[in-house]
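Asks: got a structure for you, letters missing:
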């Protein structure tokens, strides 16, 4: 029986949520599965991926073939690396302690990268919020300035006779 590690879609229309499952390759996409390995929520930023790495490695060791997307997710969480390291231990290239140390070092590096991305996203979000607030304040100041009445020019008493003299005396409507 050929086994695939693939995604099963759940969630509402427009709001996908996936289970990462080991399933018979002949079963339907959202049909019967052998084991649920994890979950994937692409709607958050960064995407939330929860995978049981040991179960994924067990299925990979037993010959399960991941789909392209599932392979990317497994690689992101380190299951493919751990599978590679387990193969090296089996062949005698590494000891289990060395493989575990390499995997833990990779996990720490990956966690640092994810934290940096989250920090950059929050900083960008704060900057966008500050820019929006500044633009809104400028718009409000412009509205307030436009709403205030302009002071009327009061003609001086000396200028009044000149203004009357400039006007033609014989303006009659015909």
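Replies: Received it, and whenever you're ready, just let me know what you need. Note that the structure is a prediction, hence the values are computed from the model and not measured.
Asks: just want the most central residue of the protein.
Replies: Geometric centre of the chain, nearest residue: residue 45, 2.6 Å, by Cα atoms, centre = their mean.
Asks: wasn't that one part of a strand?
Replies: No: counting by DSSP: H, G, I helix; E, B strand; the rest coil, one finds residue 45 to be coil, located in no strand.
Asks: torsion angles phi and psi at it?
Replies: phi -130, psi 110 (degrees, to the nearest 10).
Asks: tell me the secondary structure for residue 16?
Replies: strand.
Asks: can you confirm residue 5 is in a strand?
Replies: Yes: the assignment for residue 5 by three-state DSSP puts it in a strand.
Asks: what's near enough to touch it?
Replies: Listed by Cβ atoms under 8 Å, 6 or more residues apart in numbering, the contact set of residue 5 reads 20-22, 37, 56, 59-60, 64-67, 70-71, 74. In this view, the C-beta of every residue, glycine as well, is placed from N, C-alpha and C.
Asks: mind checking which of those are buried?
Replies: Using 16 or more other Cβ atoms under 10 Å as the burial test, the contacts of residue 5 include 20-22, 37, 56, 59-60, 64, 66, 70-71, 74 as buried.
Asks: which helix or strand in this protein has the lowest average pLDDT?
Replies: Lowest on mean pLDDT, DSSP states H and E among the helices and strands of the chain sits helix 159-166, with a mean of 56.
Asks: so where is this structure shaky, pLDDT-wise?
Replies: Scanning the chain for pLDDT under 70 picks out 151, 153-174.
Asks: what about 80?
Replies: 1, 149-174 (pLDDT under 80).
Asks: how far does stretch 48-66 sit from its chain's centre?
Replies: Here the centre of stretch 48-66 is set off from its chain's centre by 25 Å, with Cα atoms, centre = their mean, to the nearest Å.
Asks: where does residue 39 sit: helix, strand or coil?
Replies: Going by three-state DSSP: residue 39 is strand.
Asks: tell me the contacts of it?
Replies: 17-20, 48-51.
Asks: ok, back up a step: quick one: the residue nearest to the centre of the chain from residue 112, how far?
Replies: For residue 45, the distance to residue 112 equals 18 Å [Cβ to Cβ, to the nearest Å].
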